[in-house]
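Trainee: For reference, the sequence and a predicted model appear below.
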Amino acid sequence: MPVFRYKARGANGKIQFGVELASSREEALKMLKEKGLLIIELSEQKEHPMASVISWANEAFNIFRPKANHYAIFFRSLSTALSAGMTSYEALDMLSTSAPHRSLKKVAMEGKQIAVRGISLSDLFRRYRHIFPQFVLSLTEAGEESGRLDHVFALLADYYEREHEHSLELKRETFYPKLLFVFLLLYVCGVPLLISWLTGKVSTGEFVWKFIKGISRYALIIALCYFAIRGLISLPQVRLLAEAVFSFSPLVGNIRRRIVEARFLRALSLLQSAGIDAGRSLELAGKASGSRLLEASCMHASKLAREGKRMSEALMVSLKGSVAIQPTTMQMLSTAETTGRLDELLQNLANRYEQEAFVGLRQCAIAIGVLMLLVAAVIIGAIVISFYTGYYKGLGLQ
């Protein structure tokens with residue numbers, strides 16, 4: 001729905017600025033006059049010409065975006081409030097102070113101001129495309145059309161709670177390699193300086209300053225590399241290339257395929273539970289999978305499903321020659337469609353592939369930990385040998 005910016009004079013004579021959601025300029029004028037405002041200026045807010053660049057930058061570099069646990073709490077609160085009989089205004093008013101993230105609080109605060117005028121939640125969320133993914137917008141629309149918005153928000157809460165569990169599992173499995181990396185960094189920066197300080201080559205002040213300087217330099221390099229990789233991976237062409245490269249990796253590629261497949265199946269189950277048609281479900285589930293290759297295949301499958309093909313048949317045709325989804329999954333999908341137990345099967349398959357992915361991730365984390373131990377041992381050995389070699393040279397024994 002278009003957004004109109006206005007400058008108006010209120011009943012008290014003061015100048016007011018604001019925005020209004022309306023389907024047309026005439027409707028916006030009517031709504032503002034009903035509020036007792038004398039319009040001075042009214043213009044439609046056009047999409048910024050740099051909107052795509054801003055969206056890319058937000059995805060790549062904004063580390064303060066809401067996480068899965070924030071979305072889970074937000075949608076769980078909305079579901080509970082609506083199922084208890086609260087209006088959307090009352091639910092948003094409650095979340096304007098209790099939302100778990102400042103971006104979601106902003107959504108709730110602005111949303112409650114326009115909810116009294118009958119603006120739907122899907123229109124509200126659409127104003128914040130940089131916060132809410134496309135499949136959230138489509139599910140919200142479907143919930144409003146079916147009158148089961150509380151149920152849809154409950155499904156979204158379940159989905160994001162699962163995503164949060166995955167995030168915690170990933171952090172838990174990679175904690176030991178990260179700890180080893182930090183120890184190695186501190187050792188490389190600190191031990192040579194510590195030896196120089198103990199032997200009296202540098203003063204205490206120089207030791208502290210050089211140590212902080214060395215750590216800061218490495219931290220800056222790591223941060224620059226991290227954001228550079230995030231920025232590159234956020235570009236569609238680079239992401240496609242990265243996926244193609246990872247697919248040839250025997251261990252990492254298999255883990256990623258299982259995670260992508262589990263996300264796709266879980267999102268597809270959620271969409272089907274919400275009553276969204278097969279074509280639209282395939283399209284949105286492909287976007288939710290996080291894989292550009294699978295998304296492209298699902299877009300083609302979506303067209304076939306709209307032409308009358310069954311979901312499993314459309315996927316088989318679109319994914320021919322691809323390893324994104326296993327052939328056995330396609331066979332089980334076909335059987336489930338025939339028996340009418342699609343939702344249950346999709347959830348079970350998603351759980352199974354998640355378990356397989358995290359077993360592989362655990363093995364990978366152990367292997368990385370062992371490798372980093374070996375690297376640390378080599379570096380420590382080199383430093384010790386260098387120290388004693390210099391020490392004995394200083395004594396004239398060599």
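Mentor: In hand now; what should we look at? Residues are numbered from 1 along each chain as shown.
Trainee: Could you find the closest non-adjacent residue to residue 138?
Mentor: Nearest residue to residue 138, sequence neighbours excluded (C-beta to C-beta, 6 or more residues apart in numbering): residue 284, at 5.4 Å. (Glycine included, C-beta is placed from N, CA and C.)
Trainee: May I ask which helix or strand encompasses residue 64?
Mentor: Following DSSP states H and E, one finds residue 64 outside all helices and strands.
Trainee: one step back: who's in contact with the residue nearest to residue 138?
Mentor: For residue 284, the contacting residues are 134-135, 138-139, 267, 271, 276, by C-beta atoms under 8 Å, 6 or more residues apart in numbering.
Trainee: Buried members of those into ChimeraX, please.
Mentor: To isolate the buried members of the contacts of residue 284 in ChimeraX, using 16 or more other C-beta atoms under 10 Å:
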select :135,138,139,267,271,276
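Trainee: Make CSV out of the contacts of residue 284 and add distance to residue 237 and secondary structure.
Mentor: Shown next, in CSV, are these (distance: C-beta to C-beta, whole Å; DSSP: H, G, I helix; E, B strand; the rest coil):
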residue, distance to residue 237, secondary structure
134, 20, helix
135, 23, helix
138, 26, helix
139, 29, helix
267, 24, helix
271, 28, helix
276, 30, coil
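Trainee: Residue 42 belongs to a helix, doesn't it?
Mentor: No. Looking at residue 42 with DSSP: H, G, I helix; E, B strand; the rest coil, it is strand, so not inside a helix.
Trainee: Tell me what it is bridged to.
Mentor: Beta-bridge partners for residue 42, by DSSP bridges, are residue 6.
Trainee: what residues are up against it?
Mentor: So residue 42 contacts 4-7, 25, 28-29, 32 (C-beta under 8 Å, 6+ apart).
Trainee: Pick out the most distant pair among the residues you listed.
Mentor: Using C-beta to C-beta, the two most remote members of the contacts of residue 42 are 7 and 25, lying 14.5 Å apart.
Trainee: helices and strands of the chain: which one has the lowest mean pLDDT?
Mentor: helix 51-61 (a mean of 63; mean pLDDT, DSSP states H and E).
Trainee: Who are the packing partners of the next helix or strand after it?
Mentor: Once the chain leaves helix 51-61, the next helix or strand it forms, by DSSP H and E, is helix 68-83. Helices and strands touching helix 68-83, by 3 or more C-beta pairs under 8 Å, 6 or more residues apart in numbering; DSSP states H and E, are helix 88-98, helix 102-115, helix 149-198.
Trainee: okay, these in CSV with mean neighbour count, mean pLDDT and distance to residue 280 next?
Mentor: Listed next are the helices and strands packed on helix 68-83 as CSV, based on neighbours: other C-beta atoms under 10 Å; pLDDT from 0 to 100; distance: least, C-beta to C-beta, whole Å:
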stretch, mean neighbour count, mean pLDDT, distance to residue 280
helix 88-98, 18, 86, 24
helix 102-115, 18, 83, 24
helix 149-198, 17, 81, 14
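Trainee: sorry, back to before: for residue 61, see how far away the residue nearest to residue 138 is.
Mentor: Applying C-beta to C-beta, to the nearest Å, the value for residue 284 to residue 61 is 26 Å.
Trainee: average pLDDT for the longest helix seen in the chain?
Mentor: Counting residues, the longest helix found in the chain (DSSP state H) is helix 342-394. Mean per-residue pLDDT for helix 342-394: 76.
Trainee: Hey, what's the angle from that helix to helix 149-198? Just curious.
Mentor: 10 degrees (axes from the mean of the first three to the mean of the last three C-alpha atoms, to 10 degrees).
Trainee: Dump the helices and strands packed on helix 68-83 into a markdown table; add distance to residue 38 as well.
Mentor: Output for the helices and strands packed on helix 68-83, formatted as a markdown table (distance: least, C-beta to C-beta, whole Å):
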| stretch | distance to residue 38 |
| --- | --- |
| helix 88-98 | 26 |
| helix 102-115 | 20 |
| helix 149-198 | 36 |
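Trainee: For residue 71, find the nearest of the ones you listed.
Mentor: When those are compared for distance to residue 71 using C-beta to C-beta, the nearest one is helix 149-198, at 4.2 Å.
Trainee: returning to what we had before: need the max-distance pair from the contacts of residue 284.
Mentor: The largest distance within the contacts of residue 284, taken as C-beta to C-beta, falls between 134 and 276 and amounts to 12.5 Å.
Trainee: Alpha carbons of stretch 127-136, as PDB, please.
Mentor: This file holds the C-alpha atoms of stretch 127-136, laid out as PDB (Å, rounded to 0.1, in the frame of the first residue of the first chain):
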ATOM      1  CA  ARG A 127       6.600  -1.200   5.300                       C
ATOM      2  CA  TYR A 128       9.500  -2.900   7.000                       C
ATOM      3  CA  ARG A 129      10.700  -5.300   4.300                       C
ATOM      4  CA  HIS A 130      14.200  -4.900   5.600                       C
ATOM      5  CA  ILE A 131      13.000  -6.500   8.900                       C
ATOM      6  CA  PHE A 132      10.500  -9.100   7.900                       C
ATOM      7  CA  PRO A 133      11.300 -11.800   5.200                       C
ATOM      8  CA  GLN A 134       8.900 -12.200   2.200                       C
ATOM      9  CA  PHE A 135       7.500 -15.500   3.500                       C
ATOM     10  CA  VAL A 136       6.500 -13.800   6.700                       C
END
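Trainee: average pLDDT for that stretch?
Mentor: When pLDDT is averaged along stretch 127-136, the result is 79.
Trainee: residues of it that come out buried?
Mentor: Neighbour-count burial for stretch 127-136 [16+ other C-beta under 10 Å]: 127, 131-132, 135-136.
Trainee: And the furthest pair within those residues?
Mentor: 127 and 135 (17.0 Å).
Trainee: how does this structure divide into domains?
Mentor: If you go by automatic domain parsing, the domain ranges for the chain are 3-44, 65-200.
Trainee: Turn those domains into JSON lines, columns for distance to residue 258.
Mentor: Below are those laid out as JSON lines (distance: least, C-beta to C-beta, whole Å):
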{"stretch": "domain 3-44", "distance to residue 258": "41"}
{"stretch": "domain 65-200", "distance to residue 258": "11"}
